[in-house]
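Q: any chance you can model this:
(2 chains)
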Amino acid sequence: AQRVTQPEKLLSVFKGAPVELKCNYSYSGSPELFWYVQYSRQRLQLLLRHISRESIKGFTADLNKGETSFHLKKPFAQEEDSAMYYCGPGASGSARQLTFGSGTQLTVLP
Amino acid sequence: SAVISQKPSRDICQRGTSLTIQCQVDSQVTMMFWYRQQPGQSLTLIATANQGSEATYESGFVIDKFPISRPNLTFSTLTVSNMSPEDSSIYLCSVEEDLSYEQYFGPGTRLTVT
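A: Down below sits the predicted model:
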């Protein structure tokens, strides 16, 4: 099965600590993967995509084809980063057959 | 980025009835999608709705249960038919901007079936 896996349902870190949210995929090709974020009481929104190679809100993610991973990282977590994070495909294209990850609830403690 | 609205935002429905969810986008888009997010679970793609053609359904979802309309490039509806409590979920509409694969979501419709 072509799946996206987020192994951690819950992740807590202290403010200022580095954070890494894990995402692994099983796909024979090169997937179009994204990170999405859902803050409390807000809609799901796009955070970043794997080919952008830019930092959004201090977060970066690199597609590692050797490890089939797309981990989301931030060197210094902030309390406002507390949210639900999903790793998943774009809706169409070659990545469409991938599922969404089950999500990781990040809590940044003061 | 596209701005997406959904109606209704939530509803409580009786078993056996049907509910139609509307999705409106502020710009013309080719691809529109419908997802389901069941309690405590991730997102599952129901179908892809392209204007001018029949919707394409994912495995486990059928047109009789989830008929979809896409009359123009800014609007789509999803009907949840003959509802049962197992249909209780959040239903999300999304659009994909042409060429970028970037996907934007509506606020969701929270459906409870009693």
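Q: what number of residues lie near A:Glu80?
A: 10 (other CB atoms under 10 Å in any protein chain shown). To be clear about C-beta, it is placed using only N, CA and C from the backbone, and glycine gets the same treatment.
Q: what about it, which SS state?
A: Recorded secondary structure, A:Glu80: helix (DSSP: H, G, I helix; E, B strand; the rest coil).
Q: could you list every residue that touches it?
A: A:Val108 (CB atoms under 8 Å, 6 or more residues apart in numbering or on different chains).
Q: where do the helices sit along chain B?
A: Remark: no helices are assigned in chain B by DSSP state H.
Q: residue in it nearest to chain A?
A: B:Tyr101 (3.6 Å; CB to the nearest CB).
Q: would you check that that residue makes contact with A:Gly90?
A: Yes - between B:Tyr101 and A:Gly90 there is a contact under CB atoms under 8 Å: 3.6 Å.
Q: residues in contact with both of these two, list them for me.
A: Residues touching both B:Tyr101 and A:Gly90 (CB under 8 Å, 6+ apart) are A:Glu32, A:Phe34, A:Arg49.
Q: about what we covered before: neighbour count winner among B:Tyr101 and A:Gly90?
A: Set B:Tyr101 next to A:Gly90 and count neighbours by other CB under 10 Å: A:Gly90 wins out with 24 against 21.
Q: surely that one and A:Leu46 touch.
A: No - A:Gly90 is beyond contact range of A:Leu46, at 9.5 Å (criterion: CB under 8 Å).
Q: identify the contacts common to the two.
A: The contact lists of A:Gly90 and A:Leu46 share A:Phe34, B:Glu102, B:Gln103, where a contact means CB under 8 Å, 6+ apart.
Q: do you know how far the residue of chain B closest to chain A is from B:Ile4?
A: For B:Tyr101, the distance to B:Ile4 equals 16 Å [CB to CB, to the nearest Å].
Q: so where do the strands sit in the chain?
A: By default, I'm working from chain A. Per DSSP state E, chain A carries strands over the ranges A:3-5, A:10-14, A:19-21, A:24-26, A:33-38, A:45-49, A:60-61, A:72-74, A:83-89, A:104-109.
Q: my bad, chain B
A: B:4-7, B:10-13, B:19-25, B:31-37, B:43-50, B:56-57, B:68-72, B:75-80, B:89-96, B:103-105, B:109-113.
Q: now those strands in a markdown table, with mean neighbour count, mean pLDDT and distance to A:Ser82?
A: Converted to a markdown table, the strands of chain B look like this (neighbours: other CB atoms under 10 Å in any protein chain shown; pLDDT from 0 to 100; distance: least, CB to CB, whole Å):
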| stretch | mean neighbour count | mean pLDDT | distance to A:Ser82 |
| --- | --- | --- | --- |
| strand B:4-7 | 17 | 96 | 24 |
| strand B:10-13 | 13 | 97 | 24 |
| strand B:19-25 | 19 | 97 | 29 |
| strand B:31-37 | 24 | 91 | 20 |
| strand B:43-50 | 21 | 89 | 20 |
| strand B:56-57 | 15 | 90 | 36 |
| strand B:68-72 | 16 | 94 | 35 |
| strand B:75-80 | 21 | 97 | 31 |
| strand B:89-96 | 23 | 93 | 20 |
| strand B:103-105 | 23 | 88 | 20 |
| strand B:109-113 | 18 | 97 | 22 |
